[in-house]
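Colleague: take a look and give me a structure for this.
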Amino acid sequence: MGNNSNKYTSFRILVHSLQMTVNVTGRFTHCWQKATAWALNSRRSTSTKIRLLKALVWPVAMYGCESWTLRKPDEAKINTFEMKCLTQVLRVSWTAKKKNEWVLNTAGVERSLLASVKERKLVYFGHVMRKKGDSLEKNHARHNSRLQESR
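Modeller: Take a look at the predicted model:
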C-alpha cells in the first residue's frame, strides 16, 4: 500500500511540473491584463507607475515561483513579461522599435524579475534542506541533485 502511495505522489509531481509552463504563461497574461488599466493612466508619474508595477503586479506574477521548474523558454517569458510591462509604463509603441537597454535606461531600472524568481527558489531550497526529518520535498531535492551529479 505504501508503494502505491509513492507512485501516486510521484505522478502528481510529474503532472504538476508538466503544467508549470502553462500556468506561468497564464499567470503572466492575467497580470498583464490587470496592469494595463493603471499603466495607461497618464496622471501618474513614471516612477510611481514603476513602483506600483513592482508592488502590485510582480508579486502576483511570481506567486508560487518557488516550485517552478525554470527552463530557458520560461526564463525568456519572464524577461519578456518584465520588458513588456516597462514598455507599457513608458508608453512606448511597439512600432517605435526601441531596444530593451533603452527602455531600462529610460525607466532607470535594471532587470530584476528573473533574479527575484531565482532568489526565491534558492531561499525555499535552503528552507527545505534545513527542515528536520524526512519529507517528500527533501527526498525529491536530494534525488534531483544526485541525477545532475551523474550527468
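
Colleague: just give me the neighbour total for P73.
Modeller: Counted with other CB atoms under 10 Å, residues neighbouring P73 total 11. Every residue, glycine included, has its C-beta placed from N, CA and C.

Colleague: that one: what secondary structure?
Modeller: helix (DSSP: H, G, I helix; E, B strand; the rest coil).

Colleague: separation between it and T80?
Modeller: Distance of P73 to T80, computed by CB to CB, to the nearest Å: 10 Å.

Colleague: kindly report the same for K121.
Modeller: K121 is 19 Å from T80, by CB to CB.

Colleague: tell me the buried residues in stretch 76-90?
Modeller: Buried residues in stretch 76-90, counted by 16 or more other CB atoms under 10 Å: 77-78, 81-90.

Colleague: and those, which is closest to A107?
Modeller: Comparing those against A107 with CB to CB picks out L86 as the nearest, at 5.1 Å.

Colleague: state the helix or strand in which the closest one lies.
Modeller: For L86, the element it lies in under DSSP states H and E is helix 72-90.

Colleague: try L104
Modeller: For L104, the host element (DSSP H and E) is helix 100-107.

Colleague: what lies in contact with that helix?
Modeller: Contacts to helix 100-107, defined as CB atoms under 8 Å, 6 or more residues apart in numbering, come from residues 46, 50, 83, 86-87, 89-90, 92, 110-111.
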